[in-house]
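Asker: predicted coordinates and the sequence they were generated for:
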Number of protein chains: 2
Amino acid sequence: MNPEPAARPGDTSRAELLRVLGREHGAGLVDEIVVKVGADIIEGRYEPGDDLNSVELARVFGTSRTPVREALQALQREGFVDISAHRRPRVTTQSLAEVRDMYQVRAHLYRMVSRCVVDVATDRDLAGLRLVQTRLHDAAEAGDVDGYFWTNVEFRNTEARLTGNATLCRLLDNLGLRMLRLRHLSLSMPGRMAESVADHERLLAAYDDRDADVAAALTASIVLRGLRAIERSGWMTSRGTVT
Amino acid sequence: MNPEPAARPGDTSRAELLRVLGREHGAGLVDEIVVKVGADIIEGRYEPGDDLNSVELARVFGTSRTPVREALQALQREGFVDISAHRRPRVTTQSLAEVRDMYQVRAHLYRMVSRCVVDVATDRDLAGLRLVQTRLHDAAEAGDVDGYFWTNVEFRNTEARLTGNATLCRLLDNLGLRMLRLRHLSLSMPGRMAESVADHERLLAAYDDRDADVAAALTASIVLRGLRAIERSGWMTSRGTVT
DNA sequence: ATTCACTGAGGTGTCGACACTTTGCGGTCG
DNA sequence: CGACCGCAAAGTGTCGACACCTCAGTGAAT
């Protein structure tokens, strides 16, 4: 459709996709298709509701339909595609209600992350987080939205990793991937980056104080601010989203 | 929905599998294979680590390898099977650490469920829950472990449904399915059923009081008691599970 | 003009085949 | 006796083919 190769974000979302899908190898027809189509969906080159029929994709990628079908099912697992029997797969459409739900769950899970971090993180771990925070700060000063966005993703991934809870990481990866479009949109809103930097600063202070209650509350607040930014943006009403 | 108490555990786990996989129809080769193999894993007819090669399964089911491969990937999505490139799929082995992680996350998510239930459930909803609780009580009195187990699953599903949060339901379904083996084991421990009935009774009382803090704490406690039962059982050490 | 059966073009689900990779086994050599 | 090499058996990834299903469009009947 829109064969414009995405500049830098593409590479990073590509890596994130591979990581989350657990297909680290990256070699293999299926992975190639998953990453390409997935990135096309995340970065908006496919609109919600678009048809993704296997025969056309097979033609585009020069493969048979078998790897395409596998790729589409992998994308369905991650919530990017809806597949029902004998019907053409379609790009998932998210309702405002679903978006709210995702943010609520994500906020709640990050409460757990922050409590765990307070419990188990060493000073060294916190120093690592602070390092990422520095890069957030710099990106914000430079007004580099994409850079800020991906560093922010890294910040949250680092926190999750620190808990040492693989199940928690998996669920957050899954949710995070689905919300990638939205999180990007949210951080693009005017004034959001500065706000976000300040919030992260406060969160790190709470970690340093080993104050679980404050850290959990701040984390949840940070996530939910993203939701509010989206709600204010009117993005939802500008799309063909069902109630 | 299920007027007859599960005569055979297989029937119910079959239905639960279909529901969680979003494959309600149940018609189709892939679904048949998913359900059969999935139930075999849940109910222990395959040991963790067993090979599940597609050609043998295709022979067993009298199909080609294509639907078998799709089924195996669906099972991988739910965490029952590990697939890596060019190697035979294997039944997932869970380490004790992973089990602990799953229970912790599940407990935390059910905190959210209980808070939501307190917020949004009508008296009519709570009456529905109490009805399930009655059946729990009866099954416990009758010493019907399987009946109790599946009614318990229904109780938790009902709570989740009440929140109206589809994302939350999805994550809990996913987690719940992976933990099915463990939850069953946990409830089979001597004295657990009676304990569980009493816990649920207290939880319902908290719902009636609209006391979110107590409800959340009780819910988490109920989940974590399941974990402790498993830890005491020594199940993990009797399996070839890595620590 | 509206409805509805029909149809054919396009797509999905499944199949059997084939090349490449892994694995288990036996023989060779230190 | 054990380590190493190589080969055959077994399994995976991908392909093209084909039967069936869906859907938009046609045209006839109301």
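Answerer: Looks like it arrived, so ask away. On a predicted model such as this, the values are computed, not experimentally measured, just so you know. Residues are numbered from 1 along each chain as shown, chains lettered A, B, ... in the order given.
Asker: could you use CA atoms for every contact and neighbour count after this?
Answerer: Fine.
Asker: which bits of chain A sit near DNA strand D?
Answerer: A:Gly28, A:Leu29, A:Val30, A:Gly62, A:Thr63, A:Ser64, A:Arg65, A:Thr66, A:Pro67, A:His86, A:Arg87 (C-alpha under 7 Å from any atom of the strand).
Asker: who touches the one residue sitting closest to the centre of chain A in this structure?
Answerer: The C-alpha lying nearest the average C-alpha coordinate of chain A belongs to A:Leu180 (C-alpha atoms, centre = their mean; 3.1 Å). Counting by C-alpha atoms under 8 Å, 6 or more residues apart in numbering or on different chains, A:Leu180 touches A:Ile42.
Asker: so how many other residues sit close to A:Leu126?
Answerer: 19 (other C-alpha atoms under 10 Å in any protein chain shown).
Asker: my read: it touches A:Tyr207, true?
Answerer: Yes: assessed by C-alpha atoms under 8 Å, A:Leu126 is found in contact with A:Tyr207 at 7.5 Å.
Asker: which secondary structure elements does the lowest-mean-pLDDT helix or strand in chain A contact?
Answerer: The least trusted helix or strand in chain A, going by mean pLDDT, DSSP states H and E, turns out to be helix A:9-20, with a mean of 77. Applying 3 or more C-alpha pairs under 8 Å, 6 or more residues apart in numbering or on different chains; DSSP states H and E, we find helix A:9-20 packed against helix A:29-42, helix A:166-178.
Asker: which other residues reach it?
Answerer: In contact with helix A:9-20 (C-alpha under 8 Å, 6+ apart) are residues A:24, A:26, A:31, A:35-36, A:38-39, A:43, A:146, A:150, A:170, A:173-174, A:177.
Asker: kindly report the same for stretch A:147-160.
Answerer: With C-alpha under 8 Å, 6+ apart, stretch A:147-160 has contacts from A:12, A:113-114, A:117, A:129, A:132-133, A:135-136, A:139-140, A:168-169, A:172, A:184, A:187, A:193.
Asker: also stretch A:183-196?
Answerer: A:Ala140, A:Val145, A:Asp146, A:Tyr148, A:Phe149, A:Ile222, A:Gly226, A:Leu227, A:Ala229, A:Ile230, A:Ser233.
Asker: can you check stretch A:227-235 too?
Answerer: A:Arg100, A:Tyr103, A:Leu182, A:Leu185, A:Ser186, A:Met189, A:Arg192, A:Met236.
Asker: can you map out the helices along chain A?
Answerer: With DSSP state H, the ranges of helices along chain A come out as A:9-20, A:29-42, A:54-61, A:65-77, A:96-120, A:123-142, A:145-163, A:166-178, A:180-188, A:192-209, A:212-233.
Asker: can you pull the contacts of the nearest residue to A:Val223 once chain neighbours are set aside?
Answerer: Spatially, and ignoring its direct neighbours in sequence, A:Val223 is nearest to A:Ala107 (5.5 Å; C-alpha to C-alpha, 6 or more residues apart in numbering or on different chains). By C-alpha under 8 Å, 6+ apart, A:Ala107 lies in contact with A:Thr219, A:Ala220, A:Ser221, A:Val223, A:Leu224.
Asker: the last one against A:Met102, yeah?
Answerer: Looking back up the chat, that one is A:Leu224. No: using C-alpha under 8 Å, A:Leu224 makes no contact with A:Met102, being 10.2 Å away.
Asker: more neighbours: those two, which one.
Answerer: Each of A:Leu224 and A:Met102 has its neighbours counted (other C-alpha under 10 Å); A:Met102 has more, 21 against 18.
Asker: would you agree that one is in contact with B:Gly164?
Answerer: No: using C-alpha under 8 Å, A:Met102 makes no contact with B:Gly164, being 11.9 Å away.
Asker: neighbours of the residue lying closest to A:Met102 once chain neighbours are set aside, how many?
Answerer: Spatial nearest neighbour of A:Met102, chain neighbours left out: B:Thr167 (5.8 Å); criterion: C-alpha to C-alpha, 6+ apart. Burial of B:Thr167 is recorded as 19 neighbouring residues (other C-alpha under 10 Å).
Asker: same question, A:Ala140
Answerer: Neighbour number of A:Ala140 under other C-alpha under 10 Å is 22.
Asker: show me the contacts for it.
Answerer: A:Ala140 makes contact with A:Tyr148, A:Met193, A:Ala194, A:Val197 under the criterion C-alpha under 8 Å, 6+ apart.
Asker: and those residues as a markdown table, adding neighbour count?
Answerer: Formatted as a markdown table, the contacts of A:Ala140 follow (neighbours: other C-alpha atoms under 10 Å in any protein chain shown):
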| residue | neighbour count |
| --- | --- |
| A:Tyr148 | 25 |
| A:Met193 | 23 |
| A:Ala194 | 15 |
| A:Val197 | 21 |
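Asker: closest to DNA strand D out of the residues you listed?
Answerer: A:Tyr148 (34.8 Å; C-alpha to the nearest atom of the strand).
Asker: look up how far A:Arg135 lies from the closest one.
Answerer: As judged by C-alpha to C-alpha, to the nearest Å, A:Tyr148 and A:Arg135 stand 8 Å apart.
Asker: and if you look at A:Glu231?
Answerer: In this view, A:Glu231 and A:Arg135 are 28 Å apart by C-alpha to C-alpha.
Asker: do A:Val34 as well
Answerer: To A:Arg135, A:Val34 is 30 Å away according to C-alpha to C-alpha.
Asker: these two: which has the busier surroundings?
Answerer: Neighbour totals were compared for A:Val34 and A:Arg135, and A:Val34 leads with 26 against 16 (other C-alpha under 10 Å).
Asker: do I have it right that that one meets A:Ala71?
Answerer: Yes: counting by C-alpha under 8 Å, A:Ala71 is a contact partner of A:Val34 at 5.0 Å.
Asker: retrieve the pLDDT associated with A:Ser233.
Answerer: Model confidence at A:Ser233, given as pLDDT, is 83.
Asker: and it, how many neighbours?
Answerer: 14.
Asker: ok, A:Met179 next?
Answerer: Neighbours of A:Met179 (other C-alpha under 10 Å): 18.
Asker: which ones are touching it?
Answerer: A:Met102.
Asker: what does chain A put close to DNA strand C?
Answerer: A:52-56, A:65-66, A:84-89.
Asker: let me have those in CSV, extended by pLDDT.
Answerer: Formatted as CSV, those follow (pLDDT from 0 to 100):
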residue, pLDDT
A:Leu52, 97
A:Asn53, 96
A:Ser54, 97
A:Val55, 97
A:Glu56, 97
A:Arg65, 98
A:Thr66, 98
A:Ser84, 93
A:Ala85, 92
A:His86, 94
A:Arg87, 95
A:Arg88, 96
A:Pro89, 97
